[in-house]
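S.K.: coordinates for the following, if possible.
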Amino acid sequence: MIAMKHERQDARWGEHRWALVLAERERLLRLVAGRLGRTADVEDCVQEALIRAATYDRLDEARVGALLTTITLRLCVDQQRRTSRDQRLAVRVRYVHGSDRGPDVENQTCERAAGRWLLEQLSKLGVRERQVMLARADGMSTAEAAQALNITHKSAESAFTRARSRLRSLYQEEMAR
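M.R.: Presented below is the predicted three-dimensional model:
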């Protein structure tokens, strides 16, 4: 019986806490909007502050506004630091990879890794197939590769086709693992 009474009191106190902190929501939205500017970040910051204050064990009803202001301003600073760090990282990524678009950097990284893996697989090809593939990788056409290797155009095409087929099979086996 006593436990049920305490649970009801806790529930009422929890509802009261939420009423206290929610009364400050609009003020906090204006406060954060002046600092962060972006709507999604503003809402996230205010929601986090409200949750932290409402769940704070030693919440003082007389100082809810001050507590929320402090929490909110600290969250704003944290968000500004994250944004600044992300911008610095983006500049480094553009400098290192020569691209200013995120997905391109990811694609370039994956393509480089796949290229390195394919080069490692060349040892599994025959000598002629490896020679033709390396010539093609150097930017030669099949005709130029044939001429450089002193073979017919048809031989170069056949070697290239076999090598490409073998590498494709190896790649599919690797991806199936």
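
S.K.: for the helix or strand hosting residue 40, packing partners?
M.R.: Using DSSP states H and E, residue 40 sits within helix 39-54. Where contact means 3 or more C-beta pairs under 8 Å, 6 or more residues apart in numbering; DSSP states H and E, helix 39-54 is packed against helix 2-22, helix 25-36, helix 64-97. Just so you know, the C-beta spots here come from the backbone N, C-alpha and C atoms, and that holds for glycine as well.

S.K.: take those and lay them out in JSON lines including distance to residue 171, mean pLDDT and mean neighbour count.
M.R.: JSON lines is the format used below for these (distance: least, C-beta to C-beta, whole Å; pLDDT from 0 to 100; neighbours: other C-beta atoms under 10 Å):
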{"stretch": "helix 2-22", "distance to residue 171": "56", "mean pLDDT": "69", "mean neighbour count": "11"}
{"stretch": "helix 25-36", "distance to residue 171": "46", "mean pLDDT": "90", "mean neighbour count": "16"}
{"stretch": "helix 64-97", "distance to residue 171": "24", "mean pLDDT": "85", "mean neighbour count": "14"}
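
S.K.: okay, those in JSON lines with distance to residue 127 next?
M.R.: Listed next are these as JSON lines, based on distance: least, C-beta to C-beta, whole Å:
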{"stretch": "helix 2-22", "distance to residue 127": "75"}
{"stretch": "helix 25-36", "distance to residue 127": "62"}
{"stretch": "helix 64-97", "distance to residue 127": "35"}
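
S.K.: and residue 156, how many residues sit next to it?
M.R.: Counted by other C-beta atoms under 10 Å, the residues lying close to residue 156 total 25.

S.K.: distance of it from residue 87?
M.R.: 49 Å (C-beta to C-beta, to the nearest Å).

S.K.: one more: residue 26?
M.R.: For residue 26, the distance to residue 87 - C-beta to C-beta - is 30 Å.

S.K.: residue 40 too?
M.R.: From residue 40 to residue 87 the distance is 17 Å (C-beta to C-beta).

S.K.: report pLDDT for residue 137.
M.R.: For residue 137, the pLDDT comes out at 86.

S.K.: and residue 152, by the same measure?
M.R.: Reported pLDDT for residue 152: 94.

S.K.: hmm, it is touching residue 145, no?
M.R.: No. Using C-beta atoms under 8 Å, residue 152 makes no contact with residue 145, being 11.2 Å away.

S.K.: more neighbours: those two, which one.
M.R.: Using other C-beta under 10 Å as the criterion, residue 152 and residue 145 rank with residue 145 on top: 23 against 11.
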